[in-house]
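> The sequence and its predicted three-dimensional model are supplied below.
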Amino acid sequence: MTRCLKRDLVAASAAAVLVAVAVLVGHRIQREDGTLHVDWPPLSAVWEPHLGPGTVPALVLAVAVALWGPAVAARLRWWAVPLAVWAAATAWTWALALVDGWRAGVVDRMENRHEYLAAIDRFADVPAALRGFSDHILIDGPDNWPTHVAGHPPGATLTFVLLERLGLDGGGWAGAFCIVVGASACAAVLVAVRALAGEPLARRAAPFLVLVPGAVWMGTSADAYFAAVAGWAVALLALALTGRSAWWAAAAGALFGWACYLSYGLVLLGVIGVAVLLLGARTVRGRPAVTVLLLAGTAVAPVAFTLLGFDWWEAYRLLVERYHQGAGGVRPYGYWVWANLACAVLVVGPATVAGLRGAGVVAWRARGAGSGAVLGDGPVSGPVRLVVLAAGALLTILVADLSGMSKAETERIWLPFLLWLLPVCALLRGARGWLAAQAALALVVNHLLLTSW
């Protein structure tokens with residue numbers, strides 16, 4: 001065993017200890033006073049070992065990707081790699097969702113009384129619903145919104161309103177939409193990595209973006225859809241900054257603006273966006289049209305929603321008030337501020353933890369290169385640029401965690417940010433073993449626990 005592998009295993013083991021401590025301490029707190037408001041801390045889940053129709057397909061996919069994924073990703077023509085990742089990630093997510101069965105694993109999760117579909121009939125008149133949206137956020141407000149409708153800007157609910165008006169109504173279609181669209185986030189991350197850090201690293205990251213343990217919560221959760229919108233916003237910005245058309249920046253801005261009306265927390269996506277802008281600093285300075293188009297695109301959704309009568313800032317203020325009223329229970333910050341990180345480990349898996357250790361080594365060795373090289377003013381390696389992207393994601397997660405607005409359920413809420421840590425797996429040696437570990441984690445969690453999403 002090489003010294004590098006030993007250190008990777010130590011890092012992964014330390015993360016496993018964090019998870020174990022979060023489980024043990026969380027169960028004790030929940031048993032004594034119930035203040036965590038989750039049944040199997042730190043996850044929103046219940047202990048229920050089970051098998052289902054997705055079990056065999058999930059096992060087959062896990063073995064196939066672990067054994068042949070790296071070779072296939074290395075040999076395919078590039079244009080086919082993101083498509084293959086999207087298709088395989090979709091299949092992986094579907095298989096994990098169907099471990100719980102079609103009804104329990106897909107339909108019921110979208111038709112839950114706390115979810116968006118429960119409020120669709122109140123959007124018959126969309127402009128009127130938007131004008132009065134903030135009136136129903138507070139718990140003691142008149143006819144207050146279901147939990148997830150109140151907890152998000154109206155863009156999230158409007159997505160499912162549109163699906164219904166297209167004839168795709170009900171939990172089945174909503175779940176299928178979230179799974180298929182959500183899986184495209186993996187392809188988006190891949191596109192961004194190739195643009196910013198080079199094709200070799202993107203190809204090595206590809207199988208890890210398929211067997212992401214977070215797929216357990218991407219099927220079925222609207223946060224998977226949010227992750228896709230956020231992912232493509234970053235990917236299109238990366239394309240605009242690396243020699244492609246400046247109009248990609250307008251599309252990136254439009255998606256970022258839309259993301260902010262899907263989830264208030266996605267404003268933090270701007271931190272990852274800043275990391276991308278730093279990596280493309282030369283383009284930003286030399287092509288002012290990119291910045292102008294990015295800002296113009298970002299303004300589209302805020303202007304449209306404001307004109308229709310929805311005040312984002314007022315709604316967010318009321319949401320914070322609702323949160324402190326006890327929506328979901330008043331959860332202790334002292335536990336969740338570190339237990340959230342245990343949830344993150346379960347989403348990204350041991351390979352990502354080991355990859356982050358490797359990213360730290362890369363950053364340490366590159367410290368003498370100077371910021372100018374990293375910002376595009378000189379030669380810099382793809383791994384260093386990959387580390388900058390991962391650092392943006394880590395900073396985003398840190399801000400979200402310390403804010404106190406992310407206490408529990410971060411296994412789904414942080415999906416749009418956590419997916420950006422997966423590419424550091426490209427720095428690992430022995431891809432097959434690490435891929436097997438990623439798949440094993442997802443399979444164990446999905447078969448032993450019945451998750452809320």
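Received, thanks. This is a predicted model, so every value here is computed, not measured.
> How about the contacts made by the spatially closest residue to L415 that is not a sequence neighbour?
Nearest residue to L415, sequence neighbours excluded (C-beta to C-beta, 6 or more residues apart in numbering): A227, at 4.4 Å. The way it works is simple: take the backbone N, C-alpha and C, and place the C-beta from them, glycine included. Contact partners of A227, counting by C-beta atoms under 8 Å, 6 or more residues apart in numbering, are G182, A185, M218, L415, P416, L419.
> So for Y323, what pLDDT did the model give?
Per-residue pLDDT puts Y323 at 84.
> tell me which element it is part of?
Y323 is part of helix 312-325 when elements are defined by DSSP states H and E.
> mind exporting stretch 401-408 as CSV, just the C-alpha atoms?
What follows is stretch 401-408, C-alpha atoms only, in CSV (Å, rounded to 0.1, in the frame of the first residue of the first chain):
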residue,chain,number,x,y,z
ASP,A,401,-23.7,25.9,7.6
LEU,A,402,-22.7,28.9,9.8
SER,A,403,-25.7,30.9,8.8
GLY,A,404,-27.9,28.7,11.1
MET,A,405,-30.5,28.6,8.3
SER,A,406,-29.4,25.0,7.4
LYS,A,407,-30.2,22.8,10.4
ALA,A,408,-31.0,19.3,9.3
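> which residues are contacting it?
Counting by C-beta under 8 Å, 6+ apart, 36-38, 41-42, 44, 265, 320, 323, 328, 331-333, 336-337, 340-341, 400, 410, 413-414 sit against stretch 401-408.
> what about the longest helix in the protein?
With secondary structure taken from DSSP state H, the chain has its longest helix at helix 333-365.
> And that one, what's buried?
335-336, 339-359, 362-363 (16 or more other C-beta atoms under 10 Å).
> what's the distance between E115 and A205?
32 Å (C-beta to C-beta, to the nearest Å).
> With neighbour numbers in mind, choose between the two.
Remark: of E115 and A205, A205 carries more neighbours, 28 against 24, as counted by other C-beta atoms under 10 Å.
> Could you tell me which residues make contact with the more buried one?
A205 neighbours (C-beta under 8 Å, 6+ apart): V189, L190, V193, L422, P423, C425, A426.
> Looking at the third one now. What's its pLDDT?
pLDDT, the model's per-residue confidence, is 98 for V193.
> my guess is it contacts R204, does it?
No. Between V193 and R204 there is no contact under C-beta atoms under 8 Å: 9.5 Å.
> list residues touching both of these two?
Common neighbours of V193 and R204 (C-beta under 8 Å, 6+ apart) are A426.
> Any buried residues in stretch 284-304, and which?
By 16+ other C-beta under 10 Å, the buried positions in stretch 284-304 come out as V284, R287, V290, T291, L293, L294, G297, T298, V300, A301.
> would you say the fourth one is within a strand?
Which is T291. No. The assignment for T291, made by DSSP: H, G, I helix; E, B strand; the rest coil, is helix rather than a strand.
> Filter the contacts of stretch 401-408 down to the buried ones, ChimeraX style.
Buried subset of the contacts of stretch 401-408, written as a ChimeraX selection, criterion 16+ other C-beta under 10 Å:
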select :36,37,38,41,42,44,265,323,328,331,336,340,341,400,410,413,414
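> follow-up on the earlier one: average pLDDT across the longest helix of the chain?
Helix 333-365 carries an average pLDDT of 97.
> Could you do stretch 43-55 as well?
For stretch 43-55, the per-residue pLDDT averages 97.
> want to throw the contacts of A227 into JSON lines with neighbour count?
Formatted as JSON lines, the contacts of A227 follow (neighbours: other C-beta atoms under 10 Å):
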{"residue": "G182", "neighbour count": "30"}
{"residue": "A185", "neighbour count": "30"}
{"residue": "M218", "neighbour count": "30"}
{"residue": "L415", "neighbour count": "27"}
{"residue": "P416", "neighbour count": "30"}
{"residue": "L419", "neighbour count": "28"}
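> Can you pull out the low-pLDDT segments for the chain?
By pLDDT under 70, the low-scoring segments of the chain are 1, 326-329, 368-380.
> repeat that for 80
Residue ranges of the chain with pLDDT under 80: 1, 141, 243-244, 283-284, 325-330, 367-380.
> can you pull out the strands in it?
Taking DSSP state E as the test, the strands found in the chain are 45-47, 449-451.
> Reformat these as a markdown table; add distance to A174.
Shown next, in a markdown table, are the strands of the chain (distance: least, C-beta to C-beta, whole Å):
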| stretch | distance to A174 |
| --- | --- |
| strand 45-47 | 21 |
| strand 449-451 | 17 |
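> Sounds good, over and out.
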